[in-house]
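*Asks:* structure, please.
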Amino acid sequence: MGLDNPLHIAFLLVVLLMVFGAKRLPEMGKSLGHGLRGFKDAVSPDATPVLASAPERPEALALTPEPVAVEQPAQERAAA
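*Replies:* Numbering: from 1, shown residues only. Modelled structure (predicted):
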């Protein structure tokens with residue numbers, strides 16, 4: 001029992017048409033197509049990762065925050 005029978009596909013299309021309307025169905029199909037195309041591009045083995053194509057910025061890597069000395073409040077110094 002799947003969507004291999006054309007009658008099942010027709011019934012599904014009629015239900016979708018009733019639920020979403022004739023104006024909304026082409027928009028949904030286009031959005032689904034773009035999503036599937038993007039997914040295929042991301043999963044395909046010949047795709048280059050997005051992070052690998054970004055240029056490295058060594059000056060941004062060299063900037064590391066220095067530790068800041070935090071003073072204890074007077075109450076904690078008296079208790080210690």
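
*Asks:* quick one: the helices in this structure, in order.
*Replies:* 6-20, 24-43, 50-53, 58-62, 74-79 (DSSP state H).

*Asks:* so which of these gets nearest Val68?
*Replies:* helix 74-79 (17.5 Å; Cβ to Cβ). Every residue, glycine included, has its C-beta placed from N, CA and C.

*Asks:* before we move on, back to that, any idea which of the helices of the chain scores lowest on pLDDT?
*Replies:* For the helices of the chain, mean pLDDT drops lowest on helix 50-53, to a mean of 53.

*Asks:* could you dump the helices of the chain to a markdown table with mean neighbour count and distance to Val68?
*Replies:* A markdown table is the format used below for these (neighbours: other Cβ atoms under 10 Å; distance: least, Cβ to Cβ, whole Å):
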| stretch | mean neighbour count | distance to Val68 |
| --- | --- | --- |
| helix 6-20 | 11 | 57 |
| helix 24-43 | 10 | 41 |
| helix 50-53 | 7 | 31 |
| helix 58-62 | 7 | 19 |
| helix 74-79 | 8 | 18 |
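
*Asks:* can you pull the contacts of Val19?
*Replies:* The contact partners of Val19, by Cβ atoms under 8 Å, 6 or more residues apart in numbering, come to none.

*Asks:* thanks again, I'm all set now.
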